[in-house]
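Asker: Just a sequence and a predicted model for now, questions to come.
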Amino acid sequence: MSDQATAAGTVKSADRVLLVFELLSSWDRDMSHTEIAEALQIPKSSLTQLLKNLVSRKWLAYEPQGKTYALGPAFTRLAKQAGLARDLVTVSGPVLTELTAKTLESSALNLLRGDIVEVACTVMGPQRLVSHLKLGDAAPLYATSGAKAILAHLTKDIQDDYIRRISFESRTPSTIKTAGALRKNLAKIVAQGFAYSYEEWTPGIIGVAKPILDEAMRPVGAVNLAIPAVRFNPDAAKLFEAALTSAVDAIRRQIALA
């Protein structure tokens with residue numbers, strides 16, 4: 001088969017998937033294999049495997065008693081995910097304000113953007129010596145506390161793929177430099193529930209973060225504090241962890257993740 005024919009076939013298959021989605025979303029009842037084939041004028045033999053694939057990936061739900069199909073739970077997740085980032089930013093503003101008031105340190109909401117995390121909302125601490133977290137600041141997943149909090153709770157397959165692809169940049173002498181060290185650190189984060197970055201991205205700044213997990217324990221973001229190293233000590237760490245836990249719990253409740 002020529003490259004042109006392959007490309008055409010791929011586009012045709014994708015088009016059929018979209019047609020099935022559009023058809024089922026416009027009806028107010030489930031549809032049978034025959035009804036879908038007739039409505040879309042797709043041969044039943046071609047439609048059978050397509051429907052099986054979509055059911056296996058949970059894009060469609062199959063009801064065996066009536067032998068009918070409907071949009072599946074993957075659609076619900078996708079729709080929820082589409083609005084989740086916006087909701088997180090909206091909800092996090094007041095929560096971060098309270099978090100910074102409790103701790104007197106700069107705080108931020110971190111969201112996953114491919115192989116990096118990005119600061120999507122931030123409140124600067126009131127003290128003279130502070131860490132300046134800016135909207136849009138980005139960092140690799142192995143370096144900052146918010147980034148590592150998210151990476152630690154991604155699936156093993158995603159973690160493995162990420163670690164295979166990256167090249168470690170030694171931003172500071174403390175930056176993690178090997179896959180083995182990163183894996184060990186991620187395991188510690190999962191066990192403790194908090195991620196730390198000890199001057200690994202910015203000299204003189206210690207970060208501590210807690211992930212925001214959804215109902216399936218997948219990370220949808222992380223909240224972090226950025227503390228000048230001169231103000232960091234074990235007693236302060238306990239305060240920071242308690243304040244972060246309260247902040248994350250408040251965010252999860254307000255966007256119905258709890």
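Answerer: Good, I have the coordinates.

Asker: For the rest of this, base every contact and every neighbour count on C-alpha atoms.
Answerer: Noted.

Asker: For the strand or helix carrying residue 183, give me every contacting residue.
Answerer: Following DSSP states H and E, the helix or strand that holds residue 183 is helix 179-192. If you take CA atoms under 8 Å, 6 or more residues apart in numbering as the criterion, helix 179-192 is touched by 142, 148, 149, 151, 152, 153, 163, 176, 195, 196.

Asker: Mind checking which of those are in strands?
Answerer: 195, 196 (DSSP state E).

Asker: Pick out the most distant pair among the contacts of helix 179-192.
Answerer: 163 and 196 (18.8 Å; CA to CA).

Asker: hmm, back to that, now the helix holding residue 183: average pLDDT?
Answerer: Here helix 179-192 scores 98 as its mean pLDDT.

Asker: Stretch 230-245 now?
Answerer: The average of the pLDDT scores along stretch 230-245 is 97.

Asker: got the contact list for it?
Answerer: 99, 102, 103, 194, 204, 206, 208, 209, 210, 223, 224, 225.

Asker: Dig out what the last one forms beta bridges with.
Answerer: Listed beta-bridge partners, residue 225: residue 107, residue 208 (assigned using DSSP bridges).

Asker: Any chance of CSV for the contacts of helix 179-192, columns distance to residue 189?
Answerer: Below are the contacts of helix 179-192 laid out as CSV (distance: CA to CA, whole Å):
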residue, distance to residue 189
142, 12
148, 8
149, 7
151, 10
152, 7
153, 9
163, 16
176, 14
195, 5
196, 8
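
Asker: related to what we said a few turns ago, just the CA atoms of the helix holding residue 183, as CSV, please.
Answerer: Output in CSV follows, covering the C-alpha atoms of helix 179-192 (Å, rounded to 0.1, in the frame of the first residue of the first chain):
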residue,chain,number,x,y,z
ALA,A,179,17.5,8.6,36.6
GLY,A,180,18.3,6.4,39.6
ALA,A,181,18.3,9.4,42.0
LEU,A,182,15.1,10.7,40.5
ARG,A,183,13.3,7.4,40.9
LYS,A,184,14.4,7.2,44.5
ASN,A,185,13.2,10.7,45.2
LEU,A,186,9.8,10.0,43.6
ALA,A,187,9.3,6.9,45.7
LYS,A,188,10.1,9.0,48.8
ILE,A,189,7.5,11.6,47.7
VAL,A,190,4.8,9.0,47.4
ALA,A,191,5.6,7.6,50.8
GLN,A,192,5.7,11.0,52.6
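
Asker: Quick check: buried residues in it?
Answerer: 179, 182, 183, 185, 186, 189 (16 or more other CA atoms under 10 Å).

Asker: mind checking how far that helix is from the chain centre?
Answerer: Distance, stretch centre to chain centre, for helix 179-192: 18 Å (CA atoms, centre = their mean, to the nearest Å).

Asker: Tell me the confidence at the most centrally placed residue in the chain?
Answerer: By CA atoms, centre = their mean, the chain has its centre lying nearest to residue 220, at 3.7 Å. If you check residue 220, the pLDDT there is 93.

Asker: what's the distance between it and residue 36?
Answerer: From residue 220 across to residue 36, the span is 35 Å (CA to CA, to the nearest Å).

Asker: same question, residue 46
Answerer: Taking CA to CA, one finds residue 46 at 12 Å from residue 36.

Asker: And residue 139, by the same measure?
Answerer: Residue 139 is 47 Å from residue 36, by CA to CA.

Asker: rewinding a little: which one of the contacts of stretch 230-245 sits closest to residue 26?
Answerer: Closest to residue 26, out of all of those and judged by CA to CA, is residue 223, at 39.1 Å.

Asker: Not counting its neighbours along the chain, what's nearest that closest one?
Answerer: Leaving aside its chain neighbours, residue 223 sits nearest to residue 109 (4.7 Å; criterion: CA to CA, 6 or more residues apart in numbering).
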